[in-house]
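K.L.:
Quick one, structure for this:
(4 chains, ligands or ions: 4)
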2 protein chains.
Amino acid sequence: MDRVNEILRNIGKKCTEQRKLILQTLFELAKPVSADEVYEYLSETNKVGRTTVYRTLELFERKKLVRRIIFKDGIIRYESTHLKHHHHLICLSCGEVIPLEHCAIASLDGSVIEDADFLVTEHFLELYGYCKKCRGGK
Amino acid sequence: MDRVNEILRNIGKKCTEQRKLILQTLFELAKPVSADEVYEYLSETNKVGRTTVYRTLELFERKKLVRRIIFKDGIIRYESTHLKHHHHLICLSCGEVIPLEHCAIASLDGSVIEDADFLVTEHFLELYGYCKKCRGGK
DNA sequence: TATCTAAATGAAATTTAGTTTCATTTAAAA
DNA sequence: TTTTAAATGAAACTAAATTTCATTTAGATA
Ligand SMILES: [Mn+2]
Ligand SMILES: [Mn+2]
Ligand SMILES: [Zn+2]
Ligand SMILES: [Zn+2]
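P.N.:
Ligands and ions are numbered 1, 2, ... in the order given. You can find the predicted model right below:
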């Protein structure tokens, strides 16, 4: 929790109970989560309003505490940036999300695609398929 | 237009005026377009309802006539599958979408990620950055 | 060709994810 | 402690997408 306090102090914004709870949640869940998932997670103790969750995640994105990720369902999810740039395996059957350690195409960022004379600054790659459990013995 | 007729006959569904217009539109635009973009494009001649556009694009997706693509804005877009699997350069300044001819990671599909024992069946990759025009001389 | 009917359409209502408004509360500066 | 700009959250709103259901139609059948 000290860590959370320090991070919030560093972004030059008020260190509120809600922001601490949301940031703590992102650390705990350590995978891409939607605003509603964060809200539900916290609503057991019911300390944070839905609007505040949305606004706080946007703030955290601007301050680079989280990155925004969109899977094929189109829902906006956020993941803590304390995990470095990576991609995911997403099971089409059970929805499990498995982080991939290595990014084989990280060298793309900052490079220029010659044919199109296009400067690449970021990329999104997600892999879909079937996890061990869902494939049974196969 | 004969081509459009033939394709629709092949999917075993009624060959309606609306379906022909929507499929024709996807061929003409030849880039990822949202349901509303298709609707707007056709609303000059006002022959197709908004609901029908949404439903028809879903039908086309099930029949593999189009693929669903999501950029970072979260809006669902569709692109005709007569263009083979590829990715895009998307300009963060002007929004231009440039198709990339080659997919360097096509070999991923059908392969198993060993560490996770995960069978990859499809992947989504989109590159963001700045096009020639938007970078000026740079 | 005329008749029939399941499939398709589209206006309107509804849902869902996300955003805006604004009165109230609060962190933290003075 | 007092002050105040920043933050919160309930409620209203928006935009994209989906559902409902009365009407229309493609195309099979007679
Ligand atoms: Mn991750
Ligand atoms: Mn394309
Ligand atoms: Zn990467
Ligand atoms: Zn699975």
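K.L.:
mind checking the SS state of the most far-flung residue of chain A relative to its centre?
P.N.:
No residue in chain A sits farther from the centre than A:Asp115, which is 32.2 Å out by CA atoms, centre = their mean. Secondary structure assignment for A:Asp115 (DSSP: H, G, I helix; E, B strand; the rest coil): coil.
K.L.:
Over to the one 4 residues further on?
P.N.:
Following three-state DSSP, we place A:Leu119 in the strand state.
K.L.:
is it true that it touches B:Leu127?
P.N.:
No - assessed by CB atoms under 8 Å, A:Leu119 is found out of contact with B:Leu127, at 10.0 Å. Any C-beta I mention is one placed from the backbone N, CA and C, and that applies to glycine too.
K.L.:
Could you report the pLDDT at the residue farthest from the centre of chain A?
P.N.:
Per-residue confidence (pLDDT) for A:Asp115: 86.
K.L.:
Skipping adjacent residues, who's closest to it in space?
P.N.:
In space, A:Asp115 comes closest to B:Glu101 once its chain neighbours are excluded; the distance is 7.7 Å by CB to CB, 6 or more residues apart in numbering or on different chains.
K.L.:
I figured that neighbour was touching B:His86, is that so?
P.N.:
Yes - here B:Glu101 reaches B:His86: they are 6.6 Å apart, a contact under CB under 8 Å.
K.L.:
how near is the residue nearest the centre of chain A to B:Ile22?
P.N.:
The centroid of chain A falls nearest to A:Glu79 when counting by CA atoms, centre = their mean (1.7 Å). When distance is defined by CB to CB, to the nearest Å, A:Glu79 is 36 Å away from B:Ile22.
K.L.:
what does A:Ile90 give?
P.N.:
As defined by CB to CB, A:Ile90 lies at a distance of 29 Å from B:Ile22.
K.L.:
So which of these two has more stuff around it?
P.N.:
Taking neighbours as other CB atoms under 10 Å in any protein chain shown, A:Ile90 and B:Ile22 compare with B:Ile22 leading, 28 against 23.
K.L.:
the domain parsing of chain A - what is it?
P.N.:
A:2-80, A:87-129 (automatic domain parsing).
K.L.:
Of those domains, which is nearest ligand 2?
P.N.:
domain A:87-129 (12.8 Å; CB to the ion).
K.L.:
and the helix or strand hosting A:Glu40, what other elements does it pack with?
P.N.:
Secondary structure assignment for A:Glu40, by DSSP states H and E: helix A:35-43. On a contact count with 3 or more CB pairs under 8 Å, 6 or more residues apart in numbering or on different chains; DSSP states H and E, helix A:35-43 meets helix A:17-29, helix A:50-62, strand A:76-80.
K.L.:
Mind putting those into JSON lines with distance to ligand 4 and mean pLDDT?
P.N.:
Formatted as JSON lines, the helices and strands packed on helix A:35-43 follow (distance: least, CB to the ion, whole Å; pLDDT from 0 to 100):
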{"stretch": "helix A:17-29", "distance to ligand 4": "18", "mean pLDDT": "95"}
{"stretch": "helix A:50-62", "distance to ligand 4": "26", "mean pLDDT": "97"}
{"stretch": "strand A:76-80", "distance to ligand 4": "18", "mean pLDDT": "96"}
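K.L.:
Enumerate every residue touching the residue in chain A that ligand 1 sits nearest to.
P.N.:
Nearest residue of chain A to ligand 1 (CB to the ion) works out as A:Pro99 at 4.1 Å. Contacts for A:Pro99 (CB atoms under 8 Å, 6 or more residues apart in numbering or on different chains) come out as A:31, A:83, A:86-88.
K.L.:
can you tell me how far the closest residue to A:Leu65 other than its chain neighbours sits from DNA strand C?
P.N.:
With sequence-adjacent residues excluded and distances taken as CB to CB, 6+ apart, A:Leu65 is closest to A:Thr81, at 6.0 Å. Between A:Thr81 and DNA strand C the computed distance is 18 Å (CB to the nearest atom of the strand, to the nearest Å).
K.L.:
Isn't A:Thr81 up against A:Val66?
P.N.:
Yes - here A:Thr81 reaches A:Val66: they are 6.0 Å apart, a contact under CB under 8 Å.
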